[in-house]
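Trainee: Task: produce atomic coordinates for the following.
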Amino acid sequence: MATRQKPKRTVRRSVKKAAAKHPRRRAASKPRAAASAPRRKFVDRRQPETLRLRSMTPTFTVNDLEESIAWYRDGLGFVVSERWEEGGKLQGVMLKAGSCAFALSQDDFRKGRDREKGVGFRILADTSQSVDALAERIRAYGGKIIMEPADMPWGARSLAVEDPDGFKISFNEPR
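Mentor: The predicted structure follows:
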């Protein structure tokens, strides 16, 4: 007479239970994907598909690159993260503030030295810092404030500045 044995609990089952309790752990039974090919879930998207960006970097073409670098670095507090040179001459920089970035490039003046810049264009920036303290920093640097810090109807305290070329930036501190 053959005896019936209880089914053994497999390692696979216990690994699945552990993975359920700890979602960051991978189940040993699943093959690992190659490092260069992360697993992606297929999503049926409406057509035509909308644009999805991971980042966006505006670039300001400026009259005097060194003056603009100083204004953004010393006046506002940006950090120069990259510099681009050509033939030993500085042509542009990447500026960073927190996780945000934008670039400055030297105008080559092919469209004229007196062309207007910054017309009909404004950067909106949200910050957790005090816009009042930022205004004081800009004043101390000698920068141009076009709207003093003020409480806005949408619940933010805002400040607007203008750089040496006429580009405008509004800073919003949530309230």
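Trainee: which residues in this structure form strands?
Mentor: 59-62, 79-86, 89-97, 100-106, 122-126, 144-151, 156-162, 168-174 (DSSP state E).
Trainee: Buried ones in the shortest one, by neighbour count?
Mentor: Of all the residues in strand 59-62, those buried under the rule 16 or more other C-beta atoms under 10 Å are 60-62. Backbone N, C-alpha and C define where each C-beta goes, glycine included.
Trainee: nearest to residue 115, of the strands of the chain?
Mentor: strand 59-62 (9.6 Å; C-beta to C-beta).
Trainee: Tell me the strands beside the closest one, with direction?
Mentor: Strand pairing for strand 59-62, determined by DSSP bridges: strand 100-106 (parallel).
Trainee: Can you pull out the residues in contact with the partner strand?
Mentor: With C-beta atoms under 8 Å, 6 or more residues apart in numbering as the test, strand 100-106 has contacts from 55, 57-62, 65, 68-69, 72, 81, 84, 90-95, 123, 125.
Trainee: which residues does residue 161 bridge with?
Mentor: Beta bridges link residue 161 to residue 145, residue 169, judged by DSSP bridges.
Trainee: isn't it right up against residue 169?
Mentor: Yes: counting by C-beta atoms under 8 Å, residue 169 is a contact partner of residue 161 at 5.5 Å.
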